[in-house]
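[1] Provided below for reference: sequence and predicted model.
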Amino acid sequence: MHVLVAPGKFQSTVKASALAEAMARGLRRSIPQVDLTLLPIPAGGAGSMDILVKALGGRIRREQITGPFGRSVEARWAMLPDQTAWIDAAEVVGIALRTPHRDATKASTQPLGELYHKILRHQPKICYITLGDTIVNDGGMGLLEAFNIRFLDSDGHPVASGTRGLEQLVHVDFENFIPPAVPLVGLYSYPYPVSGDFGTTLQFGAEKGLPQFRLPLVDEAMHHYATILEEHVATPLTTFAGVGAGGATGLALAFLGAQLLPTVAVAADFLHLEERVASSDWVLTLEEQADRVAVHRVAGEVARRACPTKTPVVVLTGALGSGYDMLYDLNVWGIYPWLDRPRTPKESARSTTSLVEQASYRVGVWMRHSGSHWTGNS
């Protein structure tokens, strides 16, 4: 029997590659002589480029740049064999760069623009930027400053960095704007809007460290900022899927003419996921929570790629949420929790790989006893 093991990561704590290894250990214990292909899927945050470079080749490069809080940091990026540059925004403006004494309201996307311009000397054909796991919420103003756009307050002075600048913004000077020299593609995990109840600020601002009482003000300022950009290009940018990603860095990328695409779909194409699914008898994937959002993430994408061949897909999950049953409409045959008993979130996080391994063992036993459903590679 051939099983494709294709998980995403678990939050920012467990890498997809570590989860794939744990799932493989469980399957090997329950299915003698199982033939496994391990294919971690980039979910759009930290570690996405590592997965692609390991699978496709290429090189991880490092640049010294100014970080989101104004101090020098080392940022990694990848050049793939076809001269595609790949940036994980989490490496440059990631939530991991926040420390207790850093004011999240000052976090700027300026480092993304700085890194982009440094990458140009390597002559990439195109530049992909994943927008997950970021600390920023400035709507990409810092990024746009790298293309000579100026953001001014009521007195005509440059605004501050971060969300403070959003709240001060009155006028945008586009006179010296220089378009990108190399095409950009922004990659999002879920199509959150720029503003509103389900927008990036109200959904994730507190998680990034923004003061709770200021979130409505920042959200209103974000809407105002988006309106100015839309008026300049005479295009309804806020209707594009993915503009809210990365604290609305997706909006700035859309303004720069970038395509905005779902990370998992792009990564699946790079990794030839559909071909790998077609040559498998079963697919085992993993999602932190199985819900309506999971349809847009790794589990949903894996299941969609399995539809043409009807290859059965099994999803391991930490919890069931509203709309989990939507996955069954995508060729998912089973959704199995990896928890073995009631556990606190802290306890579960400490034992994630072990719990995933044990759950994979149990699923493997079920697969082995469902022999009539595979094609005979055992």
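    That came in fine, so what should we check first?

[2] Can you find the helix or strand of the protein with the lowest average pLDDT?
    Using mean pLDDT, DSSP states H and E, the weakest-scoring helix or strand in the chain turns out to be helix 345-350, at a mean of 81.

[3] name the helices or strands packed onto that one?
    Of the remaining helices and strands, none touches helix 345-350 by 3 or more Cβ pairs under 8 Å, 6 or more residues apart in numbering; DSSP states H and E. For glycine as for every other residue, the C-beta is placed from the backbone atoms N, C-alpha and C.

[4] how about whichever helix or strand comes after that helix as CSV, C-alpha atoms only?
    As assigned by DSSP states H and E, the chain's next helix or strand after helix 345-350 is helix 352-368. Only the C-alpha atoms of helix 352-368 are listed here, as CSV (Å, rounded to 0.1, in the frame of the first residue of the first chain):
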residue,chain,number,x,y,z
THR,A,352,1.7,17.3,19.6
THR,A,353,4.2,15.1,17.7
SER,A,354,3.7,12.1,20.0
LEU,A,355,-0.1,12.4,19.8
VAL,A,356,0.0,12.7,16.1
GLU,A,357,2.2,9.6,15.8
GLN,A,358,-0.3,7.6,18.0
ALA,A,359,-3.3,8.9,16.0
SER,A,360,-1.5,7.9,12.7
TYR,A,361,-1.0,4.4,14.1
ARG,A,362,-4.7,4.1,14.8
VAL,A,363,-5.7,5.5,11.3
GLY,A,364,-3.1,3.1,9.8
VAL,A,365,-4.9,0.1,11.4
TRP,A,366,-8.1,1.3,9.9
MET,A,367,-6.6,1.7,6.5
ARG,A,368,-5.1,-1.8,6.7
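
[5] Contacts made by helix 352-368 with the rest, please.
    Applying Cβ atoms under 8 Å, 6 or more residues apart in numbering, the contact partners of helix 352-368 are 1, 3, 10, 13-14, 18-19, 21-27, 29-31, 34, 282, 284, 286, 314, 316, 334, 336-340, 348, 374.

[6] How about stretch 326-340?
    With Cβ under 8 Å, 6+ apart, stretch 326-340 has contacts from 286, 290, 292, 294-295, 299-300, 303-304, 306-307, 310-320, 324, 348, 352, 355-356, 358-359, 362-363, 366.

[7] Skip the chain neighbours and tell me the closest residue to the most centrally placed residue in the chain.
    Nearest to the geometric centre of the chain sits G44, at 2.0 Å (Cα atoms, centre = their mean). Leaving aside its sequence neighbours, G44 sits nearest to T263 (Cβ to Cβ, 6 or more residues apart in numbering; 3.3 Å).
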